[in-house]
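Trainee: Please work out how this folds:
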Amino acid sequence: MFTPVRAFSGFSVDDLAAAKEFYGGVLGLAVVDGKGGASLRLPGGTEAWLYPKGEAHRPAGYTTLDFVVEDIDAAVDELTRRGVRFERYENGPPQDAKGIMRGIAAGMGPDIAWFKDPAGNILAVLMQGED
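Mentor: The predicted structure is shown next:
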């Protein structure tokens, strides 16, 4: 019988110290050292596991973490002030000057903006529309 008691996601980084500084210092998440990596305490009571792979690390080519926010403009502005650079995707859905893809108004899902951690993994802030 498959009866897990909890689940979490994990992803690799090339430099664990830099990742811990970014996730803890820049994003303000609780980072807890563990054997062989570190745990990110995420909003809502979940967690993700960071583990070092050094030169063997390859950044994820997809979004590894989505941070749901109530006001995407305020979140993007604050993260920009903290030094986060938002990605611009030339061949993707149109993004505004802040790098936000305005999916709600276009009927294409959430408003979303992507950025990378120091290891090159893709993260996003998103605001969901009314259901």
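Trainee: C-alpha from now on. contacts and neighbour counts both.
Mentor: Noted.
Trainee: quick one: which helix or strand includes residue 32?
Mentor: Using DSSP states H and E, residue 32 sits within strand 30-34.
Trainee: Residues contacting whatever helix or strand comes next after that strand, please?
Mentor: Following strand 30-34 in sequence order, the next helix or strand is strand 37-41 (DSSP H and E). Contact with strand 37-41 is made by 16, 20, 23, 29-33, 47-52, as judged by CA atoms under 8 Å, 6 or more residues apart in numbering.
Trainee: run the last query once more with 6 Å
Mentor: Contacts with strand 37-41, where a contact means CA atoms under 6 Å, 6 or more residues apart in numbering, come from 30, 31, 32, 47, 48, 49, 50, 51.
Trainee: Now it: buried residues?
Mentor: Using 16 or more other CA atoms under 10 Å as the test for burial, strand 37-41 gives 37, 38, 39, 40, 41.
Trainee: How about stretch 76-86?
Mentor: 76, 79, 84, 85, 86.
Trainee: now do stretch 45-52
Mentor: 47, 48, 49, 50, 51, 52.
Trainee: any idea of the mean pLDDT for that stretch?
Mentor: The average pLDDT within stretch 45-52 is 95.
Trainee: same thing with stretch 87-99?
Mentor: 90.
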